[in-house]
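S.K.: Sequence below, structure please.
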Amino acid sequence: MTSTPNEATNIGAEELTALVNLAGSLYEEASSTAKIGAWRSAVILIGASIEAALLGTVVCMEPELRVAQLWPTGKRPLTELGLAELVGIATSAGWLPTSTTDRRTSADPGTLVEGDVSDAVDFVRLLRNVLAHPGRHLSDFPWLDAASGDVMRPTYELCEGIAGEVFARLHDTTNGISGVLATDRSGRRSC
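M.R.: Numbering: from 1, shown residues only. Below you'll find the predicted structure:
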């Protein structure tokens, strides 16, 4: 079966604005939950804010991604892409540089934060999955005590710093994703 280019995003200017606002809201909620020591929730929310920002950037950069043949293929709607797929697009497009060749095979996930931005986002993705899925927690990191402030405070702060770097790079990529959204004659949005 041959993959076909994914149809238009079907995400208009209003939805894109909502997505950008969601990324900010998730980030703020992560900060609020961290202040009360709800570390598991804070890290999960930071991961979700990065995912929302990446999805918004993919939507904004659709024309460039199509020209570069990096637009997602297949029948799944764009809104169903996960963080790993969005990071892959961002890495291929050069928005988030990477320094490792195969991030997912590293025996030590801590080495991901020693890489570049894309590698660090993979660390956040891995940690988010471990914290959100009990089976992954038990199989991958049974020793991780998500309730321990001594362990999770610096982990959250690291993830928060990674998110800040991602947001800055995506902002530079789109010249301000939250800026004015214009619509051309065909009704498609541009950033």
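
S.K.: give me the element the residue nearest to Leu127 when sequence neighbours are not counted is part of.
M.R.: Distances taken as Cβ to Cβ, 6 or more residues apart in numbering place Val43 nearest to Leu127, at 5.8 Å, with adjacent residues excluded. C-betas here are computed from N, CA, C, even on glycine. Using DSSP states H and E, Val43 sits within helix 39-60.

S.K.: For that helix, the averaged confidence score.
M.R.: Helix 39-60 carries an average pLDDT of 94.

S.K.: If we go by neighbour counts, what in the next helix or strand after it is buried?
M.R.: Counting by DSSP H and E, the next helix or strand C-terminal to helix 39-60 is helix 62-67. Across helix 62-67, burial judged by 16 or more other Cβ atoms under 10 Å covers 62, 65.

S.K.: What of stretch 156-172?
M.R.: Buried, per 16+ other Cβ under 10 Å, within stretch 156-172: 156, 158-160, 162-163, 166-167, 169-170.

S.K.: just to revisit the earlier point, quick one: contacts for the residue nearest to Leu127?
M.R.: By Cβ atoms under 8 Å, 6 or more residues apart in numbering, the residues touching Val43 are 30, 124, 127-128, 131, 152, 155-156, 159.

S.K.: Counting neighbours, which of those residues comes out on top?
M.R.: Cys159 (29 neighbours; other Cβ atoms under 10 Å).

S.K.: and that one, that's in a helix?
M.R.: Yes - counting by DSSP: H, G, I helix; E, B strand; the rest coil, Cys159 falls inside a helix.

S.K.: What residues does it make contact with?
M.R.: Cys159 sits next to 43, 46-47, 123-124, 127 when contact means Cβ under 8 Å, 6+ apart.

S.K.: if you set the cut-off to 7 Å instead, what comes out?
M.R.: By Cβ atoms under 7 Å, 6 or more residues apart in numbering, the residues touching Cys159 are 43, 46, 124, 127.

S.K.: Over to Pro142?
M.R.: Pro142 neighbours (Cβ under 7 Å, 6+ apart): none.

S.K.: And for Ile50?
M.R.: Listed by Cβ under 7 Å, 6+ apart, the contact set of Ile50 reads 83, 121, 124, 163, 166.

S.K.: Flag the shaky bits of the chain, pLDDT-wise.
M.R.: The chain contains residues with pLDDT under 70 at 1-10, 100-115, 176-191.
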